[in-house]
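**Q** 3D, please:
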Amino acid sequence: MCNDSPIKNKYVLLVFQCLAMIFISIDTFNNVPDSARKTNYIEFVLSDAKRFLILGFIFLLFTSIKFIFAWIDSLFKTKESTKCRRDLSIGYGGLVACGIAVHVLMVKQRRSEHYTRELLFPLLFPIYIIFLFINSHIGAYKSCQNEIQNSVIKVIVALAHLSYLFVNKFEKNGLEPLIYTILYAPCSMEFFAVLLCGVRIVEFEERSFWFKMDDRKYRQAHRLRVVLNRQQHPLIECQICTRRYNTTPTVIPRMLVGCGHTVCQECIQELIDLENGLVLCPFCRKATSLADGDTTQLPINYAVMDIVQ
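**A** Okay, the predicted model is just below:
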């Protein structure tokens, strides 16, 4: 089973995303250029139509992807686990892309007047991507198809983030790279865990578990009823084919007059020795004579029929 600790990485991820957006907001307003401070900030952002249109195109692209997948799912009845793994891979992948974008902007565009405009992407996009691809699945999955593999992947990703910090000597750029690396690390961990290990649908597993329990109880109760019926009325079914006697011609109880045992008509038909016109009782091996092999000549056991009816 999975290790269901009270605090899971996917929930830490959401908290860290909120913190990341707070830090990005602070960073954005702390680095607004003087030209923007003299005017309205929204006007300053919209003044660069090219970057604004690119941001709008990205939002439109992901919206279209979501609608296309929804249409495909309704058409082909996609399994819940497949939908969950696909949506989460896209969602967590988008969050990882935002984390990379923040680091790139911090290194390449920190002194540029476009820095605050470009920070709008990692600020707004996570809100949209969480709502579009992650929110509906966040409480209904476990990324632990293989618990050991899942843990190993997350440890490797965490070590990769630490290596990145030390290799790039984060102290020369202040604390911001350290903060963002820590805040976006859970996104990368969950992304690779879902992508490589797959997911399990918790609600589906619970429903399946209780269905199996109910089905097992039903079968046990059914067997108990059968045993009790046999103890009370041992003659209500054919002792050869175990089918319950009824008025159907093939399952009607007929007596072998040579010994008095009762067998259903169809089983008697299988026991007939056509050459000698005899039926050997399967219980006591006594013979019963049948003219022309006609089983309907044998008397019906009405005592059994009364019990059955």
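
**Q** in the stretch 201-309 of the chain, what spans have low per-residue confidence?
**A** For the stretch 201-309 of the chain, the stretches with pLDDT under 70 are 202-235, 308-309.

**Q** For Phe133, give its distance to Arg285.
**A** Distance of Phe133 to Arg285, given as CB to CB, to the nearest Å: 74 Å. Every residue, glycine included, has its C-beta placed from N, CA and C.

**Q** which one of these two has more residues nearby?
**A** Using other CB atoms under 10 Å, the more surrounded residue of Phe133 and Arg285 is Phe133, with 23 against 9.

**Q** quick one: contacts for the more buried one?
**A** 66, 87-88, 90-91, 94 (CB atoms under 8 Å, 6 or more residues apart in numbering).

**Q** so what's it closest to, chain neighbours aside?
**A** Gly91 (3.2 Å; CB to CB, 6 or more residues apart in numbering).

**Q** Measure how buried that neighbour is and give me the count.
**A** Neighbours of Gly91 (other CB under 10 Å): 26.

**Q** what do you get for Ser64?
**A** Look at Ser64: counted by other CB under 10 Å, it has 10 neighbours.

**Q** Can you name the next helix or strand after the helix or strand encompassing Val152?
**A** Per DSSP states H and E: Val152 is located in helix 147-167. Next along the chain after helix 147-167, taking DSSP H and E as the criterion, comes helix 176-197.

**Q** how far out from the middle of the chain is that next one?
**A** Put simply, helix 176-197 sits 23 Å off its chain's centre (CA atoms, centre = their mean, to the nearest Å).

**Q** returning to that earlier point: pretty sure the residue nearest to Phe133 sits against Ile134.
**A** Yes. Counting by CB atoms under 8 Å, Ile134 is a contact partner of Gly91 at 4.0 Å.

**Q** could you dump the contacts of Phe133 to a markdown table with pLDDT and secondary structure?
**A** Converted to a markdown table, the contacts of Phe133 look like this (pLDDT from 0 to 100; DSSP: H, G, I helix; E, B strand; the rest coil):
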| residue | pLDDT | secondary structure |
| --- | --- | --- |
| Lys66 | 93 | helix |
| Asp87 | 92 | helix |
| Leu88 | 90 | helix |
| Ile90 | 93 | helix |
| Gly91 | 92 | helix |
| Gly94 | 92 | helix |
